Structures are given as structure tokens and as C-alpha cells.
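Asks: Provide a 3D model corresponding to the input given below.
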Amino acid sequence: MKLLGTLCMLLLFLLTGSRQVGEAEKNSALCCQAAMTLQNKQDGHPVVSEYLYDEEAQKKLMYRRILYVSVLGLLLVLLLVLLYVRQRQKVRIIKLAQAASEKERQFLALQKETEQRLTRKYIDGLESERERIAEDLHDDVCNNLLAFEMSMRSLFEESNASMIDEQLDRLKEVREHLRNISHELMPPVFQYATIDEMLADYILHIALPGQEARIEYHSTGGVDWKQVPQEIGFEYYRIVQETVGNAIRHAEATCICVDLSLEGKRLSLLVTDDGKGFVPDRKSRGVGLRTIQQRAEIIGGKIKLDTMPEAGVRIEISVYI
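Replies: Just a heads-up that it's a prediction; the model follows:
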């Protein structure tokens, strides 16, 4: 900016100087011409033609004007070149800043995509392992227990029937419990049921051996739950399983509430309990809570956790479908 100001001042100075010099030369030529005319008249010589001197002065004046105009034109061209270069530099700086911003945005997007892909692989691995364990429990352990139960019945049909029946009932109870666990581990099938129906069925049939916790399920009425994508419904189902299981096993909750709502395109899941709670800023929150967070991130959901010791737990997850 200082350079441009200096050039402008120089141009103004040259224009003013050129005009002043031209006027001075013209006045000087007129004075010389008048003096020579007067001298010739006094000496008695014939008056030399005024046009000769005037022509010479005009030539000098024209030459100087051309010189000044050339210098001014050169300075003007230099000024335009400087303005052009400066503008190009500004445009280049803006483009570089935009390119850097775009690269940073792409890097953050790639980083997030990589994290989601790794989390997806981890969750898929968990699901595969759960399915394998469920199949082993159902096809191997449960069937072996059933065969063992039938063998015991055939061996001890007549001796101490009451004690044997008691042990067989306990064995049957263990087999049913393992069967329920295997069904819980198996991935839910949303081809024939909605997320609302699956959660209602899960809450209705959840096994609570030795627990007196009351579990309630509520959902928004008059909603077409079929519009919820299967992948979102699947993750919500697993999140409910995890949170309810944690409340029963670790929080010693006596009342657990599960609420599912759909307002416009916003699908919300709220799970609350009156259990022991925990310190929310504690670094080690357990694998269960980390898995819940990962499942929410996979579907682009937001999770909000409110808990304090002896104040229960409130977990809210929302996602736009």
C-alpha cells in the first residue's frame, strides 16, 4: 500500500511539473521572441520572422511533453502491473487457505469414517461371537442337558422319586435359563417385526431369576415403526439389552423404564433405573457402557448420560432416520 501511494504521488508530481514546465517554456519563448524583435527594430535591422523562433520553441515543448507523457505512461503501466500482481497474490492466498481448509475437512471426515469402520468391525465381531456362543449353548449344552435329564429319569424312575424329581426340576430350570440366554444372544430378526414389537416382546419375556426388578416399556402410539431402518432398530435393540442387563446385574435396580418415541424424523430411546448409579467422570466405566457408546456412534446417534452414586442412571439416545 505504501508503494502504491508513493507511485500515485509521483504521478501527480510529474503531471503538475510537466504542466508548469510547459507554461514556463512557452512564456520564456515569448519573452525571447519579443526581446529579439525589439532589438532588431532599435538596430534598424529588418524584423526576423516571429514564426522561426516560435516553431523552434514549439518543437522543444513538444519534445518535452512527449518525454513526460512517455514517463507517465511507463509509470502508469508499472502501477497497473503492481496492482495486478498484488491482486493475483490475494487470490492465490485465498485459494491456498480454501485448499488447506478443504484438506483439513477431508482429513477429519476420513478420520471419522475410519473410526466408524473400525467400530463397525468391532461390533460385527461381537455379534458374530454372540451368535456362535448362542448356537453352541442351544445346539450343544442345552441338548446335552436334555439328554442327561432323560437319562436320569429312566435310571431313577422307582428309587427316591421325590428327590430325583426335585433335582430334575432344577436341571430343567438350568436348561431353560441357558435356552433364554442363547435366544438373547442371537441377533434379532427385523424382517417380520418392527423395533417396537421386538422391544415389547423382549421386555415381556426377559428372564429375571432371583430378581424382583419391575421393567416397564412405553412407546409412542399411532406411529408407523416400519419406517425405522433395520440397522438402527438392531442397534437400539442391543442397547436396550445392554442397559437393562447392566441395571439388573450391577445397579441392583428395582424399577427400570424403557421409552421409545418417534417425533418427525427423530427417534429417541430413554432408559432409566433407580439403581446405585456411578460417578460419570470416572475413566473406567466398563465394557458395557463403551459398547453402548460405540453402537450409538455407528448409526450417527447422540448419547446423553446422567447418573450419580445412589441416584440411578438415565441414558438417552437420539438419531435422525
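
Asks: for the longest helix seen in the chain, name the packing helices and strands.
Replies: Secondary structure assigned by DSSP state H gives helix 50-136 as the longest helix of the chain. Using 3 or more C-beta pairs under 8 Å, 6 or more residues apart in numbering; DSSP states H and E, the elements in contact with helix 50-136 are helix 2-43, helix 161-185, helix 287-298. Placement of C-beta: from N, CA and C, glycine included.

Asks: okay, buried residues for the last one please.
Replies: Residues 289, 291-298 are the ones in helix 287-298 that count as buried (16 or more other C-beta atoms under 10 Å).

Asks: in the stretch 1-150 of the chain, where is pLDDT below threshold?
Replies: In the predicted model, the stretch 1-150 of the chain carries pLDDT under 70 at residues 1-54, 118-132, 134-144, 146-150.

Asks: and which of the buried residues of helix 287-298 is nearest V271?
Replies: I292 (9.5 Å; C-beta to C-beta).

Asks: show me what contacts that closest one?
Replies: Going by C-beta atoms under 8 Å, 6 or more residues apart in numbering, I292 touches 239, 242-243, 303, 315, 317.

Asks: can you tell me how far it is from I94?
Replies: Using C-beta to C-beta, to the nearest Å, I292 is found at 45 Å from I94.

Asks: got it, and T114?
Replies: T114 is 30 Å from I94, by C-beta to C-beta.

Asks: try L260
Replies: With distances taken as C-beta to C-beta, L260 is found 49 Å from I94.

Asks: for the two, indicate the residue with more neighbours.
Replies: Taking neighbours as other C-beta atoms under 10 Å, L260 and I94 compare with L260 leading, 23 against 10.

Asks: from what I can see the more buried one touches T194, true?
Replies: No: in this structure, L260 is not within contact of T194 by C-beta atoms under 8 Å, at 10.2 Å.

Asks: one step back: with distance to K276 and pLDDT added, can I get the buried residues of helix 287-298 in TSV?
Replies: Listed next are those as TSV, based on distance: C-beta to C-beta, whole Å; pLDDT from 0 to 100:
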residue	distance to K276	pLDDT
L289	14	82
T291	20	82
I292	18	88
Q293	20	88
Q294	24	85
R295	23	87
A296	23	90
E297	26	88
I298	29	87
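
Asks: nearest to K265 among these?
Replies: For these, the nearest to K265 is A296 (16.8 Å; C-beta to C-beta).

Asks: excluding sequence neighbours, find me the nearest residue to the closest one.
Replies: I303 (4.5 Å; C-beta to C-beta, 6 or more residues apart in numbering).

Asks: got the contact list for that neighbour?
Replies: 292-293, 296, 315-317 are the contacts of I303 under C-beta under 8 Å, 6+ apart.

Asks: with distance to Q230 added, can I get the residues you listed in a markdown table?
Replies: Below are the contacts of I303 laid out as a markdown table (distance: C-beta to C-beta, whole Å):
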| residue | distance to Q230 |
| --- | --- |
| I292 | 19 |
| Q293 | 21 |
| A296 | 16 |
| I315 | 22 |
| E316 | 22 |
| I317 | 17 |
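
Asks: farthest pair within these?
Replies: Spanning the widest gap among these are Q293 and E316, at 12.7 Å by C-beta to C-beta.

Asks: re earlier: return the subset of the contacts of I292 lying in helices.
Replies: Judged by DSSP H, the contacts of I292 include 239, 242-243 as members of helices.

Asks: pick out the lowest-pLDDT one from the residues you listed.
Replies: Lowest in pLDDT among the ones in helices among the contacts of I292 is E242, which has 86.
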